[in-house]
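In: All I have is the shape, not the residue letters:
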């Protein structure tokens, strides 16, 4: 090669000179690896910051731990899809990126809250099983001008120490103050039936009601305890299911018998004390596996049920089926409002009053259901929050209350509207003169007005129907006209499963006063389900995140349920 290059003396001399350059020289020949070296983005580069944000949002939405950025698989993925990107440390995400996203998202939601006329709330207390951190949730619920439902997490406050009404009340007032939600905007707070929560709402001076599903849970518990044969049967079924939960051999035997019978392979369901419908599903799963369980009890030491007990299970399921459907509806949809509670309770009471052969042998339980339902819910038929909300739902109006209560509800609605529109009511009550107020008055006009005012009083006492000045219809008359029109007008037929919000959006121009009230009273959810889901579905504290600080847990919960605003 050198002999060949010697023929080209000039070029060879230059190459020889370059070969003699010291290694420490700044001029180096580019090697193959250096030619393919990827220049990484600066941490503040726009593209890098966008990826920072997306990773932080993924952590919040998908419950990923901050340690994700240290995982080998994640690093390999990012190197493949974004080789210019340098992954920051987990501390950078937790201390800088996530708080920045939280603040921006909070500002967006704050702007929406400022536009709301009235806001309702729901709250629940939960303790993590992984680190025993207790949290108090507070969620906001309101209707926009076009009757769109909005539900957002305001806060999940770390609540260390004793959960006294004072500490809960302080958390409520602090959170609402931080969000700038004035007293005038606070419509209603839904909580469970715990005494500390009830007292906390009173101390906070926030109007409150108890969660419908929590109260329904107590009704079912009362009825089960009332009939010994029912409570004993449930205890036996729990023992049967527990046998399979603790024995892999018994589970495999059950699956083998299901295969032999050609039935669907299903596991038995154990219940949870705080969810009555899980007891319903326990009995349902036992009944579904009746044939397989009977075969197993004949072949092993498994507890068996007699014919009367199998019949009793059928009866219990038939009796509680409407309660299970109602619980499912209120649990699965966030569109259920307190307007649906009076119709639901009235329908359940009528259902329990009717005799049925399917409920044979359950007379005591059925009577206890009706008695407990009346005891725990009869107050809602005199409660303005529930009565007015039901009236404002075009599916119900006054159809589920007694004749005496119909006039009472109309009076309630009129009173609330007058309270909300005091200024307009005062203006509407003043007579409007026929003269043009812009024209200057001379002395003769003033004298004539004094003269007319006396004879106007005379005419008023005499009962003349033609006063000299035209009075506007009174505010009360205007509102009553609107109420009567709303009640007499047959709306576009709404199915039972449809919600009233679209209807009100279409008719709010026709019923301006009532639509204003609808935005207020229909904002209240029927239960605290949304607030409870922050913990049951959020799963912020899992095994891989059990060392997460309460402050970081709060911000991640907020972002997870505000994902539409990210």
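Out: Received it, and whenever you're ready, just let me know what you need. Note that the coordinates shown come from a computational prediction; the quantities given were computed from them, not determined experimentally. Numbers count the residues shown, from 1 in each chain.
In: where along the stretch 251-400 of the chain do the helices fall?
Out: 276-288, 290-299, 307-332, 341-353, 363-377, 384-391 (DSSP state H, counting those that start in this stretch).
In: Out of these, which gets the lowest mean score?
Out: Lowest mean pLDDT within the helices of the stretch 251-400 of the chain: helix 290-299, at a mean of 87.
In: Distance from it to the middle of the chain?
Out: Mean-position distance between helix 290-299 and its chain equals 43 Å (CA atoms, centre = their mean, to the nearest Å).
In: One more: stretch 39-57?
Out: That offset, for stretch 39-57, works out to 34 Å (CA atoms, centre = their mean).
In: Need the contact partners of that stretch.
Out: By CB atoms under 8 Å, 6 or more residues apart in numbering, the surrounding residues in contact with stretch 39-57 are 68-69, 82, 84-86, 88, 93, 97-98, 101, 559, 563, 566. Quick note: C-beta positions are derived from backbone N, CA and C, even for glycine.
In: can we see that at 7 Å?
Out: 82, 84, 85, 86, 88, 93, 97, 98, 101, 566 (CB atoms under 7 Å, 6 or more residues apart in numbering).
In: Identify each buried residue in it, please.
Out: For stretch 39-57, a neighbour-count test (16 or more other CB atoms under 10 Å) marks 41, 48, 51, 52, 53, 55, 56, 57 as buried.
In: Buried ones only from the contacts of stretch 39-57, please, as a ChimeraX command.
Out: To isolate the buried ones among the contacts of stretch 39-57 in ChimeraX, judged by 16+ other CB under 10 Å, type:
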select :85,88,93,97,98,101,566
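In: Tell me the secondary structure of residue 132, please.
Out: coil (DSSP: H, G, I helix; E, B strand; the rest coil).
In: So it versus residue 125, what's the distance?
Out: 13 Å (CB to CB, to the nearest Å).
In: The two - which one has more neighbours?
Out: Between residue 132 and residue 125, counting by other CB atoms under 10 Å, residue 125 is the more crowded of the two (20 against 9).
In: Quick check, the more buried one in contact with residue 162.
Out: No: counting by CB atoms under 7 Å, residue 162 is not a contact partner of residue 125; they are 11.9 Å apart.
In: can you list the contacts of stretch 39-57 in a markdown table and add distance to residue 344?
Out: Formatted as a markdown table, the contacts of stretch 39-57 follow (distance: CB to CB, whole Å):
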| residue | distance to residue 344 |
| --- | --- |
| 82 | 53 |
| 84 | 58 |
| 85 | 54 |
| 86 | 57 |
| 88 | 52 |
| 93 | 46 |
| 97 | 46 |
| 98 | 41 |
| 101 | 40 |
| 566 | 36 |
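In: In strands, which of the contacts of stretch 39-57 fall?
Out: In strands, judged by DSSP state E, none of the contacts of stretch 39-57 are found.
In: With pLDDT added, can I get the contacts of stretch 39-57 in TSV?
Out: Output for the contacts of stretch 39-57, formatted as TSV (pLDDT from 0 to 100):
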residue	pLDDT
82	91
84	92
85	94
86	92
88	93
93	94
97	94
98	94
101	95
566	76
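In: List just the nearest of the contacts of stretch 39-57 to residue 524.
Out: residue 566 (27.2 Å; CB to CB).
In: And that closest one, how far from residue 556?
Out: Per CB to CB, residue 566 is found 12 Å from residue 556.
In: Check residue 29 and give its pLDDT.
Out: pLDDT recorded at residue 29 is 47.
In: before we move on, what about the one 3 residues further on?
Out: In this prediction, residue 32 carries a pLDDT score of 46.
In: ok, now residue 538?
Out: pLDDT, residue 538: 58.
In: What mean pLDDT does stretch 416-436 get?
Out: In this model, stretch 416-436 has an average pLDDT of 61.
In: Who are the contact partners of residue 242?
Out: Residues near residue 242 by CB under 7 Å, 6+ apart: residue 270.
In: Quick check: it vs residue 293, distance?
Out: To residue 293, residue 242 is 14 Å away according to CB to CB.
In: before we move on, what about residue 498?
Out: 42 Å.
In: Which one of these two is surrounded by more residues?
Out: residue 293 (23 against 14).
In: Now do the contacts for residue 480.
Out: Applying CB under 7 Å, 6+ apart to residue 480 gives the contacts residue 414.
In: What strand or helix carries it?
Out: Using DSSP states H and E, residue 480 maps to helix 475-488.
In: mind checking how far that helix is from the chain centre?
Out: 33 Å.
In: Tell me the helix or strand right after that helix.
Out: Going down the chain from helix 475-488, the next helix or strand is helix 501-507, by DSSP H and E.
In: Following that following helix in sequence, what is the next regular element?
Out: Remark: after helix 501-507, the chain's next helix or strand is helix 512-521, criterion DSSP H and E.
In: Which elements pack onto that next one?
Out: Using 3 or more CB pairs under 7 Å, 6 or more residues apart in numbering; DSSP states H and E, the elements in contact with helix 512-521 are helix 384-391, helix 403-420, helix 475-488.
In: Sounds good, over and out.
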